[in-house]
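S.K.: here is the input, now give the coordinates:
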Amino acid sequence: GVRAIAAIAFLEAWPAAWASSAYRIVDAPPPVTDDTFHWSAYRRYSSSDGLPDNTVNALIQDSDGFVYAGTENGLARFDGRAWHRVVLPVANQNTMVLKLAHTNDGAVWIGTDDHGLFRAKDGVIAEVALPAESKEKDIEALMPADAATVFAGTSHSLYRCDARQCVEIAAARGLEVATL
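M.R.: This next block holds a predicted model:
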């Protein structure tokens, strides 16, 4: 009945309306030819190459060119030839490293699943304490805030952290901050 007539009227009017719209089909640009052959090689690393685990959650390169991998079972550093396990100052060396960040002061920030936040600089790794009243220890997000501080998101809040401590951003209290 009425729906069929409306549908037919729409279909009959559609090509004309489409043709008069601001959209039109144009030819693609010509293909670009490259006469030089570019070879790229990729290497796949695993626990047999020195990574603590085959699941890598985060990668970061520091200002000295070292690459850090946060895995399900700890942290490793690549020196250009081999992976080396980085010992965190925690009892369980198989702690999950979820997030990594690098700040312009040369520090590498390490966010773990259950042991909080750490900062590595000049060969020293130190814990950066969340406020005493915070119960969570999971760092779900990290982002540089400026040359020497980071924002750290957890399952219950957001913090701004420097080398000594983290200060909660009150507006995010009670919120899960998993992405920054």
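
S.K.: so where's this protein uncertain?
M.R.: For the chain, the stretches with pLDDT under 70 are 1-24, 34, 37-39.

S.K.: all helices of this structure, in order?
M.R.: 2-19 (DSSP state H).

S.K.: now the strands for it?
M.R.: Along the chain, the segments classed as strands by DSSP state E run 56-61, 67-71, 74-78, 83-86, 97-102, 108-112, 117-121, 124-128, 141-144, 150-153, 158-161, 166-168.

S.K.: elements contacting the second one?
M.R.: Under the contact definition 3 or more CB pairs under 8 Å, 6 or more residues apart in numbering; DSSP states H and E, strand 67-71 sits against strand 56-61, strand 74-78, strand 97-102, strand 108-112. (Glycine included, C-beta is placed from N, CA and C.)

S.K.: how far does stretch 137-153 sit from the chain's center?
M.R.: Taking the mean C-alpha point of stretch 137-153 and that of its whole chain, the gap between them comes to 11 Å (CA atoms, centre = their mean, to the nearest Å).

S.K.: if we can go back for a sec, most packed of the helices and strands packed on strand 67-71?
M.R.: Between the helices and strands packed on strand 67-71, strand 108-112 has the highest mean count of neighbours, a mean of 26, where neighbours are mean count of other CB atoms under 10 Å.

S.K.: now do that one and strand 124-128, the angle between them.
M.R.: Here the directions of strand 108-112 and strand 124-128 differ by 50 degrees (axes from the mean of the first three to the mean of the last three CA atoms, to 10 degrees).
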